[in-house]
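S.K.: Predicted structure and sequence below. I'll ask about it afterward.
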Amino acid sequence: MDRKVGYAVVGLGVGMRHAEAAAKSNKANLVAVCDLKQEKLDKIKELYPETLTFTNYDEMLKNPDVEAVSIAVPSGMHADFAVKAMNAGKHVLVEKPIDITVEAALKIEKARLKTGMKAGVVHQNRYNPDMTPMHDAVISGRIGKVLFGDFAVKWHRTQEYYDNGGWRGTWEMDGGGSLMNQAVHTVDLMQWMMNSDVESVTSQMAIYNHKIETEDFTASLIKFKSGAVATFISTTCAYPGISTDIRIYGSEGSMEADQDKLKLWKFTDASETEEEEMLKKYAGNGAAAALDPTLCIGHSYVVEDMINAVLEDRDPSIVPMEAIKSVRIVNAVYESAKTGKTVYFD
């Protein structure tokens, strides 16, 4: 029988998607889960009777059958939980954001280098089918020189969403609001798609429609070292949850998408037939996650990639130093908005 990876999950909010993915994989066994809420553990037992349940994370890490752990606790706890797991000899897959500060995120990278364990980060939107041809068009040069981009996460969350659990919309545990929690995926896509390091960030933010510490709206102008610029908007006030706009314009073409739905594919060398076929092929499911935060696209791909990384003795697709880039951009947005000054990158 082929070897299967012993998998575990800590945090059964979005972590439920990780547990489901590990349980369905033919290359892994869902060995254990950990959460403080007994009702969530009871649900796991109903779904997967052979899975061990824990309320104590340290005790779960002592289990020798656990080889890899998905870290799905509140964002401000990611580094501490990941480092503890790696020090216990476990590989880790960390939910987005990798942590809420660059300094904390670097602890994960240092632990990875020290222990030799593998560390991956969840930025599952890169796995949306339409992202591959869009990214390829940039990297191959087909789009020409990238001139500017337009990115907007126009989602909606209720006050109940923020009140549930008490950590969302706090600086200490969430690290921000609409930008750090919801839009960090699109920040990752932006820096990946624009194919250039950031030069500067100029931003504003506000609380428009929620009782939270952080923000429910940001607007930014981002300049890249390539000379390109991008606008970026994040909000959880756009009722009922509208779209995730990813738009990139170059000297030889233009591309637009709403999350996993390709909406524009225009190139100087593209025929009308190609354009029609691309829009049909990548019709997607719209902006489902804009309305419902439980609809997390691509988690199965990320968990499976982590499992394969362990079996194949390779790095996961998204490693800590890559994931740190989006955290740095997010924190620059907040710094600019708080100080009223442009933040320049080294």
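M.R.: Ah, there it is.
S.K.: Per the annotation, how does this structure divide into domains?
M.R.: The chain breaks down by automatic domain parsing into domains covering 5-121, 126-295+327-344.
S.K.: ranges for the helices of the protein?
M.R.: Under the criterion DSSP state H, helices of the chain are mapped to 15-24, 38-47, 57-61, 78-87, 102-115, 131-139, 159-163, 184-193, 272-281, 288-291, 299-312, 320-339.
S.K.: and the shortest one, what's its mean pLDDT?
M.R.: The average pLDDT for helix 288-291 rounds to 46.
S.K.: what's the answer for the third one, then?
M.R.: Per-residue pLDDT over helix 57-61 has a mean of 98.
S.K.: Any regions of the stretch 201-346 of the chain where pLDDT drops low?
M.R.: For the stretch 201-346 of the chain, residues meeting the criterion pLDDT under 70 lie at 286-297.
S.K.: one step back: ranking the helices of the chain by burial, who's on top?
M.R.: For the helices of the chain, average neighbour numbers computed from mean count of other C-beta atoms under 10 Å are highest in helix 184-193, which has a mean of 24. Glycine gets a C-beta too; all of them are placed from N, C-alpha and C.
S.K.: Only alpha carbons, please: show that helix as PDB.
M.R.: Listed next in PDB are the C-alpha coordinates belonging to helix 184-193 (Å, rounded to 0.1, in the frame of the first residue of the first chain):
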ATOM      1  CA  VAL A 184      -5.000  39.700   1.300                       C
ATOM      2  CA  HIS A 185      -5.600  37.000  -1.300                       C
ATOM      3  CA  THR A 186      -6.100  39.600  -4.000                       C
ATOM      4  CA  VAL A 187      -3.000  41.500  -2.700                       C
ATOM      5  CA  ASP A 188      -1.100  38.300  -3.300                       C
ATOM      6  CA  LEU A 189      -2.500  38.000  -6.800                       C
ATOM      7  CA  MET A 190      -1.600  41.600  -7.500                       C
ATOM      8  CA  GLN A 191       2.000  41.300  -6.600                       C
ATOM      9  CA  TRP A 192       2.200  37.900  -8.400                       C
ATOM     10  CA  MET A 193       0.500  39.200 -11.500                       C
END
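S.K.: Can you name every helix or strand that that helix contacts?
M.R.: Using 3 or more C-beta pairs under 8 Å, 6 or more residues apart in numbering; DSSP states H and E as the contact test, the elements touching helix 184-193 are helix 131-139, strand 146-154, strand 229-235, strand 243-250, helix 320-339.
S.K.: relative orientation of the first one and helix 184-193 in degrees?
M.R.: Translated: helix 131-139. 40 degrees (axes from the mean of the first three to the mean of the last three C-alpha atoms, to 10 degrees).
S.K.: Contacts for helix 131-139 next, please.
M.R.: Residues outside helix 131-139 that contact it (C-beta atoms under 8 Å, 6 or more residues apart in numbering) are 125-126, 142-143, 146, 189, 192-195, 246, 248, 250, 253, 255, 257, 262, 267, 278, 282.
S.K.: just the third one next, same as before
M.R.: The set of residues external to strand 229-235 that reach it, using C-beta under 8 Å, 6+ apart, is 148-155, 178-179, 182-183, 186-187, 190, 194, 208, 216-224, 333.
S.K.: Drop anything exposed from these.
M.R.: 149-155, 178-179, 182-183, 186-187, 190, 194, 216-220, 222-224, 333 (16 or more other C-beta atoms under 10 Å).
S.K.: got any ranges where the stretch 51-200 of the chain has weak pLDDT?
M.R.: Of all residues in the stretch 51-200 of the chain, none has pLDDT under 70.
S.K.: who's in contact with the closest residue to H210 other than its chain neighbours?
M.R.: Distance criterion C-beta to C-beta, 6 or more residues apart in numbering; nearest residue to H210, sequence neighbours excluded, is D216 at 4.8 Å. By C-beta under 8 Å, 6+ apart, D216 lies in contact with R157, G169, G177, S178, A206, I207, Y208, N209, H210, T235, T236, C237.
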